[in-house]
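Participant: need a structure here:
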Amino acid sequence: MSRTKKFLYNSLSTILLQFVTLIVGFILPKVILKNYGSDINGLVTSITQFISYFNLVEAGLASAAIYSLYKPLAEKKYKEINGIVSASKKFYLLSGYIFVSLVLGLAVIYPFLGKADFINKFDLFWLVIVLGANGVLEFFSMAKYRVLLTADQKTYVLSLASIANIVINAVVTIIFANLGFGITLVKFVALSSILVRALILYLYTKKKYKFLNYDEKPLVEALDKRWDALYLQILGAVQIGIPVILATFFTNYKIVSVYTIYYMVIGGINSILGVFISGLSASFGDIIARNEGEKLKKVYQEFEYVYYDILIFVYLVAMVMIIPFITIYTKNINDTNYVIPLLGLLFVLNGFFYNLKTPQGTLVISAGLYKETRKQTTLQALIIVVIGGILGYFMSKISPIYGLFGIMIGSILSNVYRSIDLMFFIPKYVTKLSFKLTLKRWIKLAFISLLVLFTFKYMQFSCSNYIGWIIQAFKASLIVSIYIAIIDLVFERNILKSVLSRAKYMFRRKLK
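Facilitator: Residues are numbered from 1 along each chain as shown. I've put the predicted structure just below:
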């Protein structure tokens with residue numbers, strides 16, 4: 001199967017996955033809020049974020065294994081492939097046992113960390129255990145399949161298996177929550193969904209990779225980048241998860257719940273953007289492994305152009321539509337205030353700058369440049385921890401919600417720094433293109449933003465229900481699309497023609 005065809009399959013399946021994830025991601029928090037309240041919603045989010053850090057015990061294994069599989073898969077060296085997956089399995093089992101120990105430790109100490117006076121310590125202990133069990137099943141049942149399928153550019157298989165997992169999890173959660181069962185029991189029963197996903201992946205790999213042998217002598221040296229990948233992974237986790245951790249310590253669970261709802265919206269947007277990069281790390285990794293320098297330049301330029309147009313489109317629409325959505329979504333939730341315009345603005349800015357570096361960040365993974373980017377990612381993490389922590393602490397003394405403002409400002413600054421750094425790093429060490437090409441696109445995005453926001457200033461986007469919201473969002477989308485199209489026709493006509501030509505080729509191949 002060609003790279004283009006794999007990319008098409010990966011993109012279509014990821015679109016479906018992200019659509020399902022988006023819908024379920026909007027439904028389940030509302031179910032939790034309705035049946036259990038803001039405190040429990042914030043508590044579950046806080047625990048889940050702590051547990052997510054324990055996934056780091058895989059020690060960068062996934063990234064290193066995927067990177068090391070690119071070349072042997074391209075050259076069909078089955079013995080080497082088996083050696084790598086065998087080594088991966090070995091380390092995943094070890095990591096799984098460590099993960100279990102960490103979850104047990106958190107279950108013991110977490111009841112004494114926060115001010116969760118709305119749930120007794122015994123129930124809180126078991127809630128941590130159940131939420132951690134999802135990660136345990138991930139380590140022991142499917143991690144080794146994910147590595148192979150991702151490296152072989154078959155993320156569409158992972159997407160379809162994940163859809164089954166998400167749907168089953170959502171159905172079980174909704175039914176049991178509405179029947180009045182406790183949150184711990186609901187989460188426990190919902191664990192059955194991950195077993196379905198593991199079974200699907202097991203059956204597929206057994207059928208499609210008949211040469212696969214997990215008992216081959218482990219090729220441990222092939223994973224020598226795992227420690228460098230670990231470092232990058234730790235810092236990436238800090239970037240994503242530290243706001244919840246800081247909010248847990250400096251504010252309260254209701255504020256954590258507020259954070260969760262806003263992040264749900266931004267997470268949904270990021271899921272949409274994720275459609276356009278699904279499988280691309282493997283595709284670029286394959287090109288780099290084959291030393292196809294000119295093809296890399298051409299394909300990367302097209303990818304950056306398309307991605308930035310999509311990025312500015314979704315976040316300009318989000319800029320005006322996030323607060324109307326939050327207002328409708330949290331209607332009748334009266335135990336805390338969720339409608340905070342300034343917070344909406346901060347979340348949109350943070351989401352935009354977080355994704356601004358995605359094209360360059362994709363190539364860091366594809367080229368395995370984990371060690372080479374250590375200093376930059378360290379500084380990025382320090383910015384959010386130090387500045388976010390200081391602002392979060394002192395501003396929370398004024399008001400808990402102000403503390404969240406401070407944390408988000410720290411996150412925005414860290415993403416701005418990393419985007420600027422990668423703008424220089426990737427052209428120098430990977431693509432050999434001029435950084436000015438990316439800088440010009442950033443200027444284009446700023447120009448589009450000014451035009452759109454000036455136009456929006458004289459328009460109303462108020463609505464009282466979801467139908468009205470969809471109509472207003474369509475209106476905003478149309479305006480943004482027109483501005484983007486006009487600017488592209490004027491300033492990026494050649495690359496636009498190239499992208500349209502590639503899209504036309506892919507469509508024809510699909511019809512055949």
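Participant: got a list of what residue 448 touches?
Facilitator: Neighbouring residues of residue 448 by Cβ atoms under 8 Å, 6 or more residues apart in numbering: 312, 316, 480, 483, 484, 487. Any C-beta I mention is one placed from the backbone N, CA and C, and that applies to glycine too.
Participant: Now a ChimeraX select for only the buried ones of the residues you listed.
Facilitator: For the buried members of these, the matching ChimeraX selection, counting by 16 or more other Cβ atoms under 10 Å, is:
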select :312,316,480,483,484,487
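Participant: which ones among the contacts of residue 448 are found in helices?
Facilitator: Counting by DSSP state H, the contacts of residue 448 place 312, 316, 480, 483, 484, 487 in helices.
Participant: just to revisit the earlier point, farthest pair within the contacts of residue 448?
Facilitator: In these, two members sit farther apart than any others by Cβ to Cβ. They are 316 and 487, at 12.4 Å.
Participant: follow-up on the earlier one: Throw the contacts of residue 448 into JSON lines and include distance to residue 254 and pLDDT, thanks.
Facilitator: Below are the contacts of residue 448 laid out as JSON lines (distance: Cβ to Cβ, whole Å; pLDDT from 0 to 100):
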{"residue": "312", "distance to residue 254": "33", "pLDDT": "94"}
{"residue": "316", "distance to residue 254": "30", "pLDDT": "95"}
{"residue": "480", "distance to residue 254": "34", "pLDDT": "94"}
{"residue": "483", "distance to residue 254": "39", "pLDDT": "93"}
{"residue": "484", "distance to residue 254": "39", "pLDDT": "92"}
{"residue": "487", "distance to residue 254": "42", "pLDDT": "91"}
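Participant: Relative to residue 344, which of the contacts of residue 448 is nearest.
Facilitator: Among the contacts of residue 448, residue 316 lies closest to residue 344 (Cβ to Cβ), at 13.5 Å.
Participant: what number of residues lie near the residue nearest to residue 290 when sequence neighbours are not counted?
Facilitator: In space, and not counting its chain neighbours, residue 290 is closest to residue 74: 6.7 Å by Cβ to Cβ, 6 or more residues apart in numbering. Using other Cβ atoms under 10 Å, residue 74 has 14 other residues around it.
Participant: Please identify the helix or strand for residue 74.
Facilitator: Assessed by DSSP states H and E, residue 74 sits inside helix 61-75.
Participant: following that helix, which helix or strand shows up next?
Facilitator: Next along the chain after helix 61-75, taking DSSP H and E as the criterion, comes helix 78-109.
Participant: and the helix or strand following that next one, how far out from the chain's middle?
Facilitator: The helix or strand immediately downstream of helix 78-109 is helix 121-141, counting by DSSP H and E. Centroid separation for helix 121-141 versus its chain: 22 Å, with Cα atoms, centre = their mean, to the nearest Å.
Participant: could you check the angle helix 78-109 makes with helix 121-141?
Facilitator: Taking axes from the mean of the first three to the mean of the last three Cα atoms, to 10 degrees, one finds that helix 121-141 is oriented at 180 degrees with respect to helix 78-109.
Participant: Name the nearest residue to residue 296, ignoring sequence neighbours.
Facilitator: Closest residue to residue 296 apart from its sequence neighbours, by Cβ to Cβ, 6+ apart: residue 287 at 5.1 Å.
Participant: sorry, back to before: now render the contacts of residue 448 as JSON lines, adding distance to residue 354.
Facilitator: Below are the contacts of residue 448 laid out as JSON lines (distance: Cβ to Cβ, whole Å):
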{"residue": "312", "distance to residue 354": "14"}
{"residue": "316", "distance to residue 354": "16"}
{"residue": "480", "distance to residue 354": "20"}
{"residue": "483", "distance to residue 354": "23"}
{"residue": "484", "distance to residue 354": "20"}
{"residue": "487", "distance to residue 354": "23"}
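Participant: all strands for the stretch 301-450 of the chain, in order.
Facilitator: Assigned by DSSP state E, counting those that start in this stretch, the strands in the stretch 301-450 of the chain number zero.
Participant: Tell me if I'm right that residue 177 and residue 31 touch.
Facilitator: Yes: under the contact definition of Cβ atoms under 8 Å, residue 177 touches residue 31, with a separation of 5.2 Å.
Participant: So between these two, which is more surrounded?
Facilitator: residue 177 (21 against 16).
Participant: What strand or helix carries that one?
Facilitator: helix 155-178.
Participant: how about the helices in the stretch 351-500 of the chain?
Facilitator: Using DSSP state H, counting those that start in this stretch, the helices of the stretch 351-500 of the chain run over 358-366, 374-382, 388-396, 400-426, 435-456, 466-491, 493-511.
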